[in-house]
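**Q** How does the following fold in three dimensions:
(chains A and B)
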Amino acid sequence: SQTIHQWPATLVQPVGSPLSLECTVEGTSNPNLYWYRQAAGRGLQLLFYSVGIGQISSEVPQNLSASRPQDRQFILSSKKLLLSDSGFYLCAWTRSHSGNTIYFGEGSWLTVV
Amino acid sequence: AQSVTQLGSHVSVSEGALVLLRCNYSSSVPPYLFWYVQYPNQGLQLLLKYTSAATLVKGINGFEAEFKKSETSFHLTKPSAHMSDAAEYFCAVSDEGSQGNLIFGKGTKLSVKP
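**A** Sure, this is the predicted structure:
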């Protein structure tokens, strides 16, 4: 069966510090991978998605970036965090066909102080 | 472009009462529709999914949703609320222009009173 894991689960970082959140999927190959963010009262915001190694689509301009160095690995990064980057970050995957279920990781809480 | 509207950011019901969470969508093609549930500090979990096989879709935990094309709706219901149903619920529609992306509504937080 397929599993998805992301870490760390909780992170407190000072403004201006770097960020790295990692996500891995097991039990499938060539998945679509996603990073979403939840800020209080704002629902789910799609940040990045990837349909293959090295292929990243950005949905919103921001100071975050994503990379996919391996087929089942998706990394969310920032060189310098802003207060507004605080939120709950969710990694997700799906098989690359419209209508397939998206499966989510456990989430990572980021607090920028 | 597709979109999803969830009416009511907060819904409160008494234990044992009917749960009704509303979702309306817009799509120029037959949509795939989803309901997800999120418990506090957790990721989203699939409740149910509409793929055109049947208009009434049954999901986990006693929830079901009915696809009504004429009303462009996909409301989520449960006959009798339990305390454990307290969570945030998200409706989503498949993005016709992409390979598997979903467009989510803003979510409805369900509270259940004893």
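
**Q** I'd like to know how far B:Ser52 sits from B:Tyr32.
**A** When distances are taken as CB to CB, to the nearest Å, B:Ser52 and B:Tyr32 turn out to be 8 Å apart. Quick note: C-beta positions are derived from backbone N, CA and C, even for glycine.

**Q** neighbour count winner among these two?
**A** When neighbours are counted by other CB atoms under 10 Å in any protein chain shown, B:Ser52 and B:Tyr32 differ, and B:Tyr32 comes out ahead with 21 against 12.

**Q** Go ahead and confirm that one touches B:Asn101.
**A** No - at 11.1 Å, B:Tyr32 and B:Asn101 do not qualify as touching, with contact defined as CB atoms under 8 Å.

**Q** which neighbours do the two share?
**A** Taking CB atoms under 8 Å, 6 or more residues apart in numbering or on different chains as the contact rule, the neighbours common to B:Tyr32 and B:Asn101 are B:Ser94.

**Q** hey, what's the most centrally placed residue in chain A bridged with?
**A** Computing the C-alpha centroid of chain A and ranking residues by CA atoms, centre = their mean puts A:Trp35 first, at 2.8 Å. Following DSSP bridges, A:Trp35 is listed with bridge partners A:Phe48, A:Cys91.

**Q** Ok, B:Lys113 next?
**A** Each beta-bridge partner of B:Lys113 is listed here: B:Ser14, as defined by DSSP bridges.

**Q** got it, and B:Ser94?
**A** Beta-bridge pairing of B:Ser94, defined through DSSP bridges, involves B:Leu102.

**Q** Confirm for me that it is in contact with B:Pro31.
**A** Yes - counting by CB under 8 Å, B:Pro31 is a contact partner of B:Ser94 at 6.1 Å.

**Q** which neighbours do the two share?
**A** Each of B:Gln2 lies in contact with both B:Ser94 and B:Pro31 under the rule CB under 8 Å, 6+ apart.

**Q** can you list contacts of stretch A:47-60?
**A** Stretch A:47-60 is touched from outside by A:30, A:32-37, A:45-46, A:62, A:64-71, A:74, A:76, A:96, B:98-99, B:101, with contacts defined as CB under 8 Å, 6+ apart.
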